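Trainee: Compute the structure for the input listed below.
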Amino acid sequence: MSDATGNPETVPLSELRSPEQEMADKGANVPAAADLAIEDINPVNAHLFHENRWQDHFARLRAEDPVHFNEIETAGRYWSVTRYEDVRAVDGNWQDFSSADGIALGLRVGGPMPEGSGQSISFIAMDPPQHTEQRKTVRAVSAPSNLRNVEPLIRERTIQVLDSLPDGETFDWVDTVSIELTTMMLATLFDFPFEDRRKLTRWSDIVFAIPEPGGMIESHEQRMAELMECVEYFEGLWKDRRDNPGFDLVSMLANGEATRDIPTAKHLGNLLLLIVGGNDTTRNTMSGSVYGLNKFPDQYDKLINNPDLIAQMVPEIIRWQTPLPYMRRTATRDCEIGGKQILKDDQVLMWYVSANRDEDVFGDNADVIDIERHNADRHLSFGYGIHFCMGSRLAELQLRILWEEILQRFERVEVLDEPERTLSSFVKGYTNLPVQVTHR
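Mentor: Residues are numbered from 1 along each chain as shown. Modelled structure (predicted):
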């Protein structure tokens, strides 16, 4: 819907529903993949991930309909691309499949916008040359020289957190270890006031949260109000770093040639991109590593017996976990993927979580963890092409150090029950993971 000027119509937030919310409203307990007609499979339903039942749905799509069409009221037309080679082909072709219209399944092109919403920017939702210019502004933070500088700090904090864990008592690994470690790292990258670092966790969590009674957020109004608090907080940091720049992400954005003249409010997209990228993905991989190695105890035993396998384990865990299940692109012209005719402005979802389980690439045991998998580093969890994850090496470093220190001090990190999972198809995460540790 557009107004008389051709601009998207604005609507009250209370009337705005997201595609994930529309699918979530269809309820939990989605039928098993085998009980659905192929055209009725819709992998966007967040309950599939919340219930950890997504695997068979994608297996059927890869086998029977690897470029799969759906259409819902809140999103319009979209295609799910589920095989490895097709996902990589789309991700590597920004000319035909643009990021500029958003990276998550969203409102239809030209559709209604939230009343009073500003147009924030994010370089992950840009194409060259703007993408290249803005990404370059913050790229130095993940340079090899900087990683060498921060490695001792990562190890020191990891040791501090692990040494504080209670022996033989049940605690939540997600909050006590994963969130704590990643939030401390994120505060360092932003040079963010350390005592307020859990604000970063909160802002990260609410970006893709589905509003529901008693949930993380209960309305879109609540989300927008909290994100405005994020803007106001960073405005203070922005002003300080203009006068006192350092080697941190806020200083880089506040003073970078391509970004310094952009108001803080319009930088909300970049700020949230860096917060989510540095928080959600790494913390969920840390939690997923503990859960996954407990799920496949033979692999945990192998790792305990040979800690030198940590280097091979890291990419395999990242492949198996796939913390961001998909990214969206929008077709810039009529084209073809896998024999299907894609129309201009159709949304295309690149399902990394499915590509990383593609039997043609990772073999018949793609659903299991194999810490000696010869091609685990071919995973697409970090994307492919110009949007390849800028913080990939930092994420790998954090996971490697975590397990180096775990193996030195614990006989085992034992998972006591199934985790509670995030209600989202965009973030594949854990909200609670009860564990006990036994010190050596």
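Trainee: residues contacting Glu71?
Mentor: When the contact criterion is Cβ atoms under 8 Å, 6 or more residues apart in numbering, the partners of Glu71 are 77-78. C-beta here means a position set from N, CA and C on the backbone, and glycine is covered the same way.
Trainee: ok, what's across the strand from it?
Mentor: Counting by DSSP bridges, Glu71 is bridged to Arg77.
Trainee: Would you mind finding the longest helix in this protein?
Mentor: Secondary structure of the chain per DSSP state H: the longest helix is helix 268-295.
Trainee: Check which residues of it are buried.
Mentor: 268-294 (16 or more other Cβ atoms under 10 Å).
Trainee: swap in stretch 150-168?
Mentor: Buried residues in stretch 150-168 (16+ other Cβ under 10 Å): 150, 154-155, 157-158, 161-162, 165.
Trainee: With secondary structure and distance to Met252 added, can I get these in JSON lines?
Mentor: Formatted as JSON lines, the buried residues of stretch 150-168 follow (DSSP: H, G, I helix; E, B strand; the rest coil; distance: Cβ to Cβ, whole Å):
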{"residue": "Val150", "secondary structure": "helix", "distance to Met252": "15"}
{"residue": "Ile154", "secondary structure": "helix", "distance to Met252": "20"}
{"residue": "Arg155", "secondary structure": "helix", "distance to Met252": "25"}
{"residue": "Arg157", "secondary structure": "helix", "distance to Met252": "22"}
{"residue": "Thr158", "secondary structure": "helix", "distance to Met252": "26"}
{"residue": "Val161", "secondary structure": "helix", "distance to Met252": "27"}
{"residue": "Leu162", "secondary structure": "helix", "distance to Met252": "31"}
{"residue": "Leu165", "secondary structure": "coil", "distance to Met252": "35"}
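Trainee: out of these, which one sits closest to Asn244?
Mentor: Set against Asn244, the nearest of the buried residues of stretch 150-168 by Cβ to Cβ is Val150 (20.6 Å).
Trainee: Please tell me I have it right and Arg357 contacts Asp367.
Mentor: Yes - counting by Cβ atoms under 8 Å, Asp367 is a contact partner of Arg357 at 5.9 Å.
Trainee: Of the two, which one has the most company?
Mentor: Comparing Arg357 with Asp367 by other Cβ atoms under 10 Å, the one with more neighbours is Arg357, at 24 against 12.
Trainee: And for that one, nearest residue in space, chain neighbours not counted?
Mentor: Excluding its sequence neighbours, the residue lying closest to Arg357 (Cβ to Cβ, 6 or more residues apart in numbering) is Ala366, at 4.6 Å.
Trainee: count of neighbours near the one you found?
Mentor: For Ala366, the count of nearby residues is 19 (other Cβ under 10 Å).
Trainee: before we move on, what about the one 10 residues further on?
Mentor: Other residues near Ala376 number 21, with proximity taken as other Cβ under 10 Å.
Trainee: just the helices in the stretch 201-350 of the chain please.
Mentor: Ranges of helices within the stretch 201-350 of the chain are 220-243, 249-255, 268-295, 297-305, 310-321, based on DSSP state H, counting those that start in this stretch.
Trainee: what's the residue closest to the geometric middle of the protein?
Mentor: Leu324 (3.5 Å; Cα atoms, centre = their mean).
Trainee: Report pLDDT for that one.
Mentor: According to the prediction, Leu324 has pLDDT 93.
Trainee: Can you find the helix or strand of the protein with the lowest average pLDDT?
Mentor: Using mean pLDDT, DSSP states H and E, the weakest-scoring helix or strand in the chain turns out to be strand 113-114, at a mean of 38.
Trainee: shaky segments in the stretch 1-150 of the chain?
Mentor: 1-18, 25, 107-143 (pLDDT under 70).
Trainee: where do the helices sit along it?
Mentor: For the stretch 1-150 of the chain, helices defined by DSSP H, counting those that start in this stretch occupy the ranges 19-25, 46-50, 55-64, 84-91, 130-138, 144-163.
Trainee: Make TSV from the ones you listed and add distance to Asn305 to it.
Mentor: Formatted as TSV, the helices of the stretch 1-150 of the chain follow (distance: least, Cβ to Cβ, whole Å):
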stretch	distance to Asn305
helix 19-25	42
helix 46-50	33
helix 55-64	29
helix 84-91	31
helix 130-138	41
helix 144-163	20
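Trainee: Quick one, which of those helices gets closest to Asn70.
Mentor: Short answer: helix 19-25, nearest of the helices of the stretch 1-150 of the chain by Cβ to Cβ, at 9.5 Å.
Trainee: looking at it, Gly278 is touching Thr182, isn't it?
Mentor: Yes - under the criterion of Cβ under 8 Å, Gly278 makes contact with Thr182 at 6.9 Å.
Trainee: re the thing from before, run the chain-centre distance for the longest helix of the chain.
Mentor: Centroid separation for helix 268-295 versus its chain: 6 Å, with Cα atoms, centre = their mean, to the nearest Å.
Trainee: could you dump the helices of the stretch 201-350 of the chain to CSV with distance to Val81 and mean pLDDT?
Mentor: Formatted as CSV, the helices of the stretch 201-350 of the chain follow (distance: least, Cβ to Cβ, whole Å; pLDDT from 0 to 100):
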stretch, distance to Val81, mean pLDDT
helix 220-243, 29, 87
helix 249-255, 32, 81
helix 268-295, 21, 85
helix 297-305, 30, 98
helix 310-321, 18, 98
